[in-house]
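J.: build me a model from this:
(one chain, ligands or ions: 1)
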Amino acid sequence: MRQLLLDCAACRRCGLAAERQQVVVSRGNPTARLMLIGEGPGAQEDSVGLPFVGRSGQLLDQLLAVAGIDSNQDAYVCNVVKCRPTGNRKPKPMELAACRPWLERQIALVNPAVILLLGATALEGVLGIKGGITSLRGKWHASEEEILHGRNLMPVLHPSYLLRFNSQAKGSPRTLTAADFQEVHRCLLAL
Ligand code: URA
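T.: You can find the predicted model right below:
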């Protein structure tokens, strides 16, 4: 894990390297059975050097905690791209591709049984599926790709989307995500 941090810190595989303050590799437990993969660092993550420490990270932690999951003890948290796209734009396909070897090293090191894909960009970056997060969220996926084979993958809505659509009414993005996290907790208990 230490070597991975050093290698990522030296990475210049794409243009995002020029504008970053820090490479944001991970937080949480590298021996966890659960891995959370988001899109990419925002301004706060870029400045602190840890993923999901801003507003969306706080909401993510809260919703996971309600489902009995502690994001730092029970999960390893990372992103499909490790450097902040300026202005929080969506990472470009070549940036996703350039960063993919780092993500694969993370998956190999952590060896998680369960992977949550936070939002459409993680869904695209990991499984190559473009669009459809609203219908795919909360459903278990499998992949024959070598690094993903045998793992339980679930796309969920991105916490920044939940911040934008803040309703807590039945059927709202937030309550759907809370239910998805309960399902993840059940799956972890059954492993
Ligand atoms: N959004 C993400 O997708 N990742 C972070 O680390 C922070 C916000």
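J.: what does this structure put close to the ligand?
T.: 38-42, 45, 51-52, 54, 56-57, 79 (CB under 6 Å from any ligand atom). To be clear about C-beta, it is placed using only N, CA and C from the backbone, and glycine gets the same treatment.
J.: please enumerate the strands of the protein.
T.: For the chain, the strands defined by DSSP state E cover 27-28, 34-38, 75-79, 114-118, 152-156.
J.: which of those sits closest to Ala108?
T.: The closest of those to Ala108 is strand 34-38. By CB to CB, the value is 11.2 Å.
J.: now do the residue in the chain positioned nearest to the ligand, the pLDDT please.
T.: Of all residues in the chain, Gly38 sits closest to the ligand, at 3.0 Å by CB to the nearest ligand atom. You'll see Gly38 listed with a pLDDT of 98.
J.: again with Asn88
T.: pLDDT at Asn88 comes out at 89.
J.: show me the contacts for the residue nearest in space to the middle of the chain.
T.: With distances taken as CA atoms, centre = their mean, Ile37 lies nearest the centre of the chain, 1.6 Å away. By CB atoms under 8 Å, 6 or more residues apart in numbering, the contact set of Ile37 is 78-80, 103, 115-118, 122, 125-126.
J.: which one of those sits closest to Arg137?
T.: Leu117 (9.1 Å).
J.: how about residues contacting stretch 175-191?
T.: 33-34, 63-64, 66-69, 74, 113-114, 116, 137-138, 140, 152, 154, 156-157, 159, 162, 168-169.
J.: list the buried residues for that stretch?
T.: Neighbour-count burial for stretch 175-191 flags 176-178, 180-181, 184-185, 187-188 (criterion: 16 or more other CB atoms under 10 Å).
J.: quick revisit: the strands of the chain into TSV, with extra columns for distance to Gln3?
T.: Shown next, in TSV, are these (distance: least, CB to CB, whole Å):
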stretch	distance to Gln3
strand 27-28	18
strand 34-38	19
strand 75-79	16
strand 114-118	22
strand 152-156	26
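J.: how close does the residue nearest to the centre of the chain get to Leu109?
T.: Separation of Ile37 from Leu109 (CB to CB, to the nearest Å): 14 Å.
J.: quick one: Gly42 and Leu50 touch, right?
T.: No. Gly42 is beyond contact range of Leu50, at 11.3 Å (criterion: CB atoms under 8 Å).
J.: which one's more surrounded, those two?
T.: More crowded of Gly42 and Leu50, by other CB atoms under 10 Å: Gly42, with 22 against 18.
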